[in-house]
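Visitor: what shape does this take:
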Amino acid sequence: MSLVKSNSSLFPAFPRLFDDFFTRDLFDWVNTRMPVVNGTLPAVNIKEDGDGFTVEMAAPGMNKEDFKINLENEVLTISAERKTENEVKEGERYTRREFSYQSFQRSFHLPKSTVDYDQIKAKYDNGVLSIRIPKREEVKALPARQIAVQ
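Guide: Below is the predicted model:
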């Protein structure tokens with residue numbers, strides 16, 4: 001959380017509108033205003049190495065069947081939905097019944113010039129969704145080599 005000083009008494013919201021617009025990250029703005037029920041937006045780590053990127057998303061309590069991963073128009077979208085309803089048997093009375101509903105969606109831009117779309121793989125293990133996104137051969141860094149002086 002940050003504190004913002006406002007000096008305008010005539011139009012108090014006007015400077016803050018521009019401060020928010022120019023200082024916030026576009027993706028952060030979209031993700032923090034997304035409705036999330038019974039939880040928060042999953043944390044994401046993105047690692048890069050010479051061969052590609054790995055997206056790790058913490059999503060404990062989910063099953064691999066709960067995830068939907070789409071790639072369309074250079075945008076990778078990861079979403080999940082999980083509903084839990086306790087079954088009530090006929091003739092059973094209850095004074096309290098709790099439902100559990102979890103859903104989220106995260107999107108990332110993947111430039112076609114950088115990423116090999118055909119080789120993207122996903123795995124869910126121990127509460128972490130891992131997506132391996134390999135780089136195209138043309139953009140991989142070439143190994144260093146020694147050049148002899150003649």
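
Visitor: would you list every one of the helices in the protein?
Guide: Ranges of helices in the chain, per DSSP state H, are 13-23, 26-32.

Visitor: which of those has the lowest average pLDDT?
Guide: Lowest mean pLDDT of those: helix 26-32, a mean of 42.

Visitor: wait, isn't Asp66 in contact with Arg82?
Guide: Yes - counting by Cβ atoms under 8 Å, Arg82 is a contact partner of Asp66 at 4.8 Å. (C-beta placed from N, C-alpha, C; glycine too.)

Visitor: which stretches of the protein form strands?
Guide: Listed in chain order, the strands of the chain (DSSP state E) span 44-48, 52-58, 67-72, 75-85, 99-109, 121-125, 128-134.

Visitor: other SSEs contacting the fourth one?
Guide: Taking 3 or more Cβ pairs under 8 Å, 6 or more residues apart in numbering; DSSP states H and E as the contact definition, the neighbouring helices and strands of strand 75-85 are strand 52-58, strand 67-72, strand 99-109, strand 128-134.

Visitor: so which of those gets nearest Tyr117?
Guide: Closest approach to Tyr117 among those (Cβ to Cβ): strand 67-72, 6.2 Å.

Visitor: so the closest residue to Met57 other than its chain neighbours versus Ala144, what's the distance?
Guide: Distances taken as Cβ to Cβ, 6 or more residues apart in numbering put Leu129 closest to Met57, at 4.4 Å, once the chain neighbours are dropped. Leu129 sits 34 Å away from Ala144, going by Cβ to Cβ, to the nearest Å.

Visitor: which residue of those two possesses the greater neighbour count?
Guide: Leu129 (22 against 5; other Cβ atoms under 10 Å).

Visitor: which ones are touching the more buried one?
Guide: 55-57, 59, 62, 67, 78, 122-123 (Cβ atoms under 8 Å, 6 or more residues apart in numbering).

Visitor: who's it bridged to?
Guide: Counting by DSSP bridges, Leu129 forms beta bridges with Met57, Tyr124.

Visitor: count the residues that sit near the nearest residue to Gly52 once chain neighbours are set aside.
Guide: Leaving aside its sequence neighbours, Gly52 sits nearest to Pro134 (Cβ to Cβ, 6+ apart; 3.9 Å). Using other Cβ under 10 Å, Pro134 is surrounded by 17 other residues.
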